[in-house]
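In: Coordinates for the following, if possible.
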Amino acid sequence: MNVIDENGNPVPNQESKRVLAGVLAILLGGFGVHKFILGYTKEGIVTLVLTIVLSIITCGIFSGVMWLVSLIEGIIYLTKSDEEFVYTYQTNQRGWF
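Out: This is a model prediction of the structure:
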C-alpha cells in the first residue's frame, strides 16, 4: 500500500517504519531508539538523557517514567493507520504523542 503525502506524491514503505518504530518504542523505548528511527534526533536525545539522568538521580526508580511514555507512544504508533501515521509523524513532524 502506498501512502500519498499532501503534495500527491507517494510515500513508500511507511508501514514498515510505523511498525518498526512501534515495536522499538515498546521494547527499547527508554533509549529513544524509536525517535531516531523517525528522524527526531532532538527528541531521541532528550529521551535518552532523561532516562539516564533519572536512573542516576533516583537509583533507577523514576527512569520507568520514560519507559512508560515510550510504551504509550509505541501503542499509539501501532494503532494508527498508515495514512494517519504519515500525516501525524512524517508530514506534520509531531515529535511527542
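In: helix/strand/coil for the residue lying farthest from the centre of the chain?
Out: Residue farthest from the centre of the chain, counting by Cα atoms, centre = their mean, is residue 59 at 25.5 Å. At residue 59 the chain is in coil, as set by DSSP: H, G, I helix; E, B strand; the rest coil.
In: Could you do residue 39 as well?
Out: Three-state assignment for residue 39 (three-state DSSP): coil.
In: roughly how far apart are residue 39 and residue 94?
Out: Plainly put, residue 39 is 12 Å away from residue 94 if you go by Cβ to Cβ, to the nearest Å. In short, each C-beta sits where N, CA and C put it, glycine included.
In: now do residue 38
Out: As for residue 38, its distance to residue 94 is 10 Å (criterion: Cβ to Cβ).
In: More neighbours: which of the two?
Out: residue 38 (24 against 12; other Cβ atoms under 10 Å).
In: Can you tell me how far the residue farthest from the centre of the chain is from residue 67?
Out: Remark: distance between residue 59 and residue 67 (Cβ to Cβ) = 15 Å.
In: before we move on, what about residue 40?
Out: Going from residue 40 to residue 67 by Cβ to Cβ gives 18 Å.
In: Then residue 41?
Out: Remark: distance between residue 41 and residue 67 (Cβ to Cβ) = 20 Å.
In: Neighbour count: the two, which is higher?
Out: Taking other Cβ under 10 Å, residue 41 and residue 67 do not tie; residue 67 has more neighbours (18 against 11).
In: pLDDT wise, what is the more buried one at?
Out: Residue 67 carries a pLDDT value of 88.
In: One more: residue 83?
Out: pLDDT, residue 83: 87.
In: Kindly export the helix or strand harbouring it (C-alpha atoms) in CSV.
Out: Assigned by DSSP states H and E, residue 83 belongs to helix 82-85. The C-alpha trace of helix 82-85 is given here as CSV (Å, rounded to 0.1, in the frame of the first residue of the first chain):
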residue,chain,number,x,y,z
ASP,A,82,-0.6,4.2,7.7
GLU,A,83,-2.2,7.4,6.5
GLU,A,84,-2.7,8.8,10.0
PHE,A,85,0.9,7.8,10.9
